[in-house]
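A.B. asks: I would like the atomic coordinates for the input below:
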Amino acid sequence: MTVERVFPAVSWLKHYNREQFGQDATAAFIVTMLLIPQSLAYAMLAGVPPEVGLYSSILPLVLYAIFGTSTSLSVGPVAVASLMTATSLAAIAEQGTASYLTGAITLALLSGVMLVTMGIMKLGIITNLLSHSVISGFISASGILIALSQLKHIFGIQGHGDNVIEQSLSMIENIGQFNPITFVVGVSVVAFLLLARRHAKAFFIMLNVPEKYASSLAKTAPILGVLTSLGVAYAFNLQAQGVAITGTIPAGLPHLSLSLPSIELIKSLALPALMISIIGYVESISVGKTLGAKRREKVKPNQELIGLGAANIASGVSGGFPVTGGFSRSVVNFDAGAVTQLAGIMTAIGIMIASLVLTPVLYFLPKATLAATIIVAVTTLIDFSILKKTWGFSRSDFYAVLATIVITLLLGVEVGVASGVGLSILLHLSRTSRPHVAETGLIEGTEHFRNVKRYDVKTAPNLLCLRPDESLFFVNATFLEDYIIDTTNQRPEITDVVIQCSAVNEIDFSALEMLEALNSQLSSQNIKFSLSEVKGPVMDHLECCGFLQHLSGKVYLTQFQAFNDLAK
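C.D. replies: Okay, here's the model as predicted:
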């Protein structure tokens, strides 16, 4: 095992130069401007003190830079993971208590250990078990829950709840607390951020800022919203008029410590930590691969698990909560010209400086401003076009996505993510349990066999040629067996059955037992059972278990040979 494999940062450090340093420094400055308000906002969403959001944006960036394989991914607090953190901790502690913060730190540590373990076990393929459409539905529903949870800060009222119904009823009950000044502040910031999203790039270009930087600078609009609302709150003493403000944010750097949580706490948070790990990894690897493809850069899934796990352990050790690769700031990082993960390390240094110097200035920052930042940020997560797309392409996908959205909205993110994972697996098993099985015939003048329902082919009444388009294992073994028996019962003229195994990459023990039973049953009906185009690894398994010795027919190299030998 090479040093570069364990520490991917070595590969880019070898060839680092002054020009790359300039590009990374520029990107780091821009991302820092974006990350400061985001860190504070997502800390509020997670229910932890604001400084914890800053702590979660320092050491995790450094550890990911050492162990991660994406040159553009920016790690830190994100909306969905923050919401899942708050939901997971709601049942075990009250926000603002030491127990709550301990729970958040424990979630980060557990998530980190789980991710590193999965990376060592090379379980990067876990993303293959999750349907993209189902995860899109979960993230869209989570976006709605996040936005709804922040409306209480925009209205200046109390509110609680883990789902749409609870949150809505809670806010209706407390609507009498409505503060018009808070509302004006929140709506003004939302309007400003939406206008900036649409027009800020053009504004910077008008100021002769190069287009590649104008796009990135436009995304740092939240920092201007923070500074403006902070100044207004201070100048007009909005706190005295009932506007909730951030208050004292302790200046300083996180204290590194590692205290083992109790067994009871670990048991309570193990499943939520696993869910946060899976969703965080899926989001992170998706962003990493998308940005990596633009640079023809290979992102290694198993190493990403280790990199993301190390970042979460670092977050826990430094008093933070679960982190992952964020889409918005990673795109900003990429667009701003970051070429290596040194940009992430420099961003961490920028956040450290902010933690030491800027925190006293943020005392008068209205919570409505942070809520507005979250609401605008999560609007990019909400995309119901997936419903239209899946309806037109696959009804089973549509119903799975719809069910995930409804369950998440009505029962909360924990049940939603569990149902999303479950539905993804069920969707896969449903499809593989009833594989496409084509009855094939010979295209005359060639040696090719095609589906009799799609092509004009030559067949033989005594010969049943089938091509299952799936590996054979316990989920679909009975389906194929029933299909063959039903067909031979309906067509008594059949004397030979040939399974064309060109699409069969694997046969498990349950499928082997099915083939043995099928061979025996067909023999009792005086029907010979043969195979064709069996792949090497599958043939090795069939030979070592003795199945071929009892096969009533033969194993043919090609389907064409089987047809010529058996057709009458």
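A.B. asks: okay, residue 129: pLDDT?
C.D. replies: pLDDT recorded at residue 129 is 67.
A.B. asks: what residue ranges in the protein are flagged as low confidence?
C.D. replies: For the chain, the stretches with pLDDT under 70 are 1, 128-129.
A.B. asks: let me see the ranges of the strands in this protein.
C.D. replies: 75-76, 324-325, 437-442, 449-451, 463-468, 496-500, 528-532, 555-556 (DSSP state E).
A.B. asks: which of those strands is buried the deepest?
C.D. replies: Burial of the strands of the chain is given as mean neighbour count (mean count of other Cβ atoms under 10 Å); strand 75-76 ranks first at a mean of 32. Just so you know, the C-beta spots here come from the backbone N, C-alpha and C atoms, and that holds for glycine as well.
A.B. asks: what strands line up against that strand, and which way round?
C.D. replies: Take DSSP bridges as the rule and strand 75-76 pairs in its sheet with strand 324-325 (antiparallel).
A.B. asks: show me how far the partner strand is from its chain's centre.
C.D. replies: A distance of 10 Å separates the centroid of the chain from that of strand 324-325, by Cα atoms, centre = their mean, to the nearest Å.
A.B. asks: over to stretch 71-83?
C.D. replies: With Cα atoms, centre = their mean as the basis, stretch 71-83 stands 11 Å off its chain's centre.
A.B. asks: gap between the two ends of that stretch?
C.D. replies: 27 Å (Cα to Cα, to the nearest Å).
A.B. asks: rewinding a little: and the strands of the chain as JSON lines, adding distance to residue 263?
C.D. replies: Listed next are the strands of the chain as JSON lines, based on distance: least, Cβ to Cβ, whole Å:
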{"stretch": "strand 75-76", "distance to residue 263": "29"}
{"stretch": "strand 324-325", "distance to residue 263": "26"}
{"stretch": "strand 437-442", "distance to residue 263": "51"}
{"stretch": "strand 449-451", "distance to residue 263": "58"}
{"stretch": "strand 463-468", "distance to residue 263": "48"}
{"stretch": "strand 496-500", "distance to residue 263": "53"}
{"stretch": "strand 528-532", "distance to residue 263": "53"}
{"stretch": "strand 555-556", "distance to residue 263": "56"}
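A.B. asks: among those, which is nearest residue 268?
C.D. replies: strand 324-325 (21.5 Å; Cβ to Cβ).
A.B. asks: how about residues contacting that closest one?
C.D. replies: For strand 324-325, the surrounding residues in contact (Cβ atoms under 8 Å, 6 or more residues apart in numbering) are 70, 73-75, 78, 81, 280-281, 283-285, 287-288, 308, 311.
A.B. asks: out of the residues you listed, which are inside helices?
C.D. replies: If you go by DSSP state H, the contacts of strand 324-325 have 81, 280-281, 283-285, 287-288, 308, 311 in helices.
A.B. asks: looking at the contacts of strand 324-325, state which has the most neighbours.
C.D. replies: In terms of neighbours by other Cβ atoms under 10 Å, these top out with residue 311 at 36 neighbours.
A.B. asks: that residue against residue 65, yeah?
C.D. replies: No - counting by Cβ atoms under 8 Å, residue 311 sits too far from residue 65 to count as a contact (9.2 Å).
A.B. asks: between the ones in helices among the contacts of strand 324-325, which sits nearest residue 202?
C.D. replies: residue 287 (25.9 Å).
A.B. asks: I'd say that closest one and residue 327 touch.
C.D. replies: Yes - when contacts are counted by Cβ under 8 Å, residue 287 is listed as touching residue 327 (5.1 Å).
A.B. asks: and the gap between the residue most central in space within the chain and residue 337?
C.D. replies: Nearest to the geometric centre of the chain sits residue 282, at 2.4 Å (Cα atoms, centre = their mean). Taking Cβ to Cβ, to the nearest Å as the measure, residue 282 falls 27 Å from residue 337.
A.B. asks: cool, and residue 398?
C.D. replies: 40 Å.
A.B. asks: repeat for residue 291
C.D. replies: Taken as Cβ to Cβ, the span from residue 291 to residue 337 is 13 Å.
A.B. asks: go on, residue 533?
C.D. replies: 52 Å.
A.B. asks: now do residue 490
C.D. replies: Taken as Cβ to Cβ, the span from residue 490 to residue 337 is 67 Å.
A.B. asks: residue 5 now?
C.D. replies: Counting by Cβ to Cβ - residue 5 and residue 337 are separated by 27 Å.
A.B. asks: ditto for residue 246
C.D. replies: Distance from residue 246 to residue 337, by Cβ to Cβ: 32 Å.
A.B. asks: more neighbours, those two?
C.D. replies: The neighbour comparison of residue 246 against residue 337 (other Cβ under 10 Å) goes to residue 246, with 22 against 18.
A.B. asks: what sits closest to that one if chain neighbours are left out?
C.D. replies: residue 365 (4.3 Å; Cβ to Cβ, 6 or more residues apart in numbering).
A.B. asks: hang on, the one you found packs against residue 231?
C.D. replies: No - using Cβ under 8 Å, residue 365 is not in contact with residue 231; the gap is 10.0 Å.
A.B. asks: who touches the residue nearest to the centre of the chain in this structure?
C.D. replies: If you count contacts by Cβ under 8 Å, 6+ apart, then residue 282 has 127, 130, 135 around it.
A.B. asks: run a quick neighbour tally on the last one.
C.D. replies: In other words, residue 135. So residue 135, with other Cβ under 10 Å, has 23 neighbours.
A.B. asks: go on, the first one?
C.D. replies: Using other Cβ under 10 Å, residue 127 has 17 other residues around it.
A.B. asks: ok, now how distant is it from residue 33?
C.D. replies: Distance, residue 127 to residue 33, by Cβ to Cβ: 32 Å.
A.B. asks: what's the answer for the last one, then?
C.D. replies: Remark: distance between residue 135 and residue 33 (Cβ to Cβ) = 30 Å.
A.B. asks: same question, the second one
C.D. replies: Using Cβ to Cβ, residue 130 is found at 33 Å from residue 33.
A.B. asks: domain ranges for this structure?
C.D. replies: The chain breaks down into these domains under automatic domain parsing: 24-426, 437-566.
A.B. asks: and the longest one, how far from the chain's centre?
C.D. replies: If you compare the mean C-alpha spot of domain 24-426 with that of the full chain, they lie 13 Å apart, counting by Cα atoms, centre = their mean.
A.B. asks: now swap in stretch 460-478 and tell me
C.D. replies: For stretch 460-478, the distance to the chain centre is 35 Å (Cα atoms, centre = their mean).
A.B. asks: next one: stretch 557-568
C.D. replies: Counting by Cα atoms, centre = their mean, stretch 557-568 comes out at 48 Å from the chain centroid.
A.B. asks: okay, now the closest residue to residue 279 other than its chain neighbours: neighbour count?
C.D. replies: Nearest residue to residue 279, sequence neighbours excluded (Cβ to Cβ, 6+ apart): residue 417, at 5.8 Å. Residues lying near residue 417 (other Cβ under 10 Å) number 27.
A.B. asks: just residue 406 next, same as before
C.D. replies: 15.
A.B. asks: out of the domains of the chain, deepest packed?
C.D. replies: Each of the domains of the chain was assessed for mean neighbour count using mean count of other Cβ under 10 Å. The highest is domain 24-426, with a mean of 21.
A.B. asks: these two touch, right, residue 272 and residue 83?
C.D. replies: No - taking contacts as Cβ under 8 Å, residue 272 lies outside contact range of residue 83: 11.6 Å.
A.B. asks: rewinding a little: out of the contacts of strand 324-325, which is nearest to residue 561?
C.D. replies: Closest to residue 561, out of all of these and judged by Cβ to Cβ, is residue 285, at 44.8 Å.
A.B. asks: need the contact list for that closest one.
C.D. replies: 124, 127, 299, 301, 304, 325.
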